[in-house]
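Peer 1: how does the following fold in three dimensions:
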Amino acid sequence: MSRRDPLEGLGEWAQFMWRALREIRRLGPLASEVLRQAAIIATGSTLVIVFVTFLIGGSCGVEASFVGRQVGAGIAAPFFASVVHVRDIVPVLFGMILAAKVGCGMVAELGLCASTRRWTRSR
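Peer 2: Model (predicted):
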């Protein structure tokens, strides 16, 4: 396996970003649809994110309380866990759930296109 030059990878990334930013101007007529789809994804994920956050927060709090009692930290450990939970875990969870929903949507669209093509050929 050959090693790639890091600058080559950086150059490819910069080219991709430049092309993506250049193509944003074509978004004009579709901007309302993009915002509508983003709103559907965000509102559809809210209950799932709140539920999973509650479960992870509970487990972090119980574990922090247990560790705090063992080391004599008292209430400091669960407080630290709750701050870490809100600042670190929630954005990661939101990103994972959003990526899963978008990925599943893309796979569903591709599957629909493939099956429609097969159906059309069979006629």
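
Peer 1: so for this structure, the centremost residue is which one?
Peer 2: The residue lying closest to the centre of the chain (CA atoms, centre = their mean) is residue 95, at 2.1 Å.

Peer 1: before we move on, what SS does that one have?
Peer 2: helix (DSSP: H, G, I helix; E, B strand; the rest coil).

Peer 1: where does it land on pLDDT?
Peer 2: On the pLDDT scale, residue 95 is placed at 81.

Peer 1: then residue 15?
Peer 2: 94.

Peer 1: which neighbouring elements make contact with whatever helix or strand it lives in?
Peer 2: Per DSSP states H and E, residue 15 falls inside helix 6-23. Helices and strands touching helix 6-23, as assessed by 3 or more CB pairs under 8 Å, 6 or more residues apart in numbering; DSSP states H and E, are absent. The C-beta positions use only the backbone N, C-alpha and C, and glycine is treated the same way.

Peer 1: with just CA atoms, put that helix into CSV.
Peer 2: Below are the C-alpha coordinates for helix 6-23, written out as CSV (Å, rounded to 0.1, in the frame of the first residue of the first chain):
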residue,chain,number,x,y,z
PRO,A,6,-1.3,14.8,2.7
LEU,A,7,-1.1,17.9,0.5
GLU,A,8,-2.6,15.9,-2.4
GLY,A,9,-5.6,15.0,-0.2
LEU,A,10,-6.0,18.5,0.9
GLY,A,11,-5.9,19.7,-2.7
GLU,A,12,-8.7,17.2,-3.6
TRP,A,13,-10.8,18.4,-0.7
ALA,A,14,-10.3,22.0,-1.6
GLN,A,15,-11.3,21.3,-5.2
PHE,A,16,-14.4,19.5,-4.0
MET,A,17,-15.3,22.4,-1.7
TRP,A,18,-14.8,24.9,-4.5
ARG,A,19,-17.0,23.0,-6.9
ALA,A,20,-19.7,22.6,-4.2
LEU,A,21,-19.7,26.3,-3.4
ARG,A,22,-19.8,27.2,-7.1
GLU,A,23,-22.9,25.0,-7.6
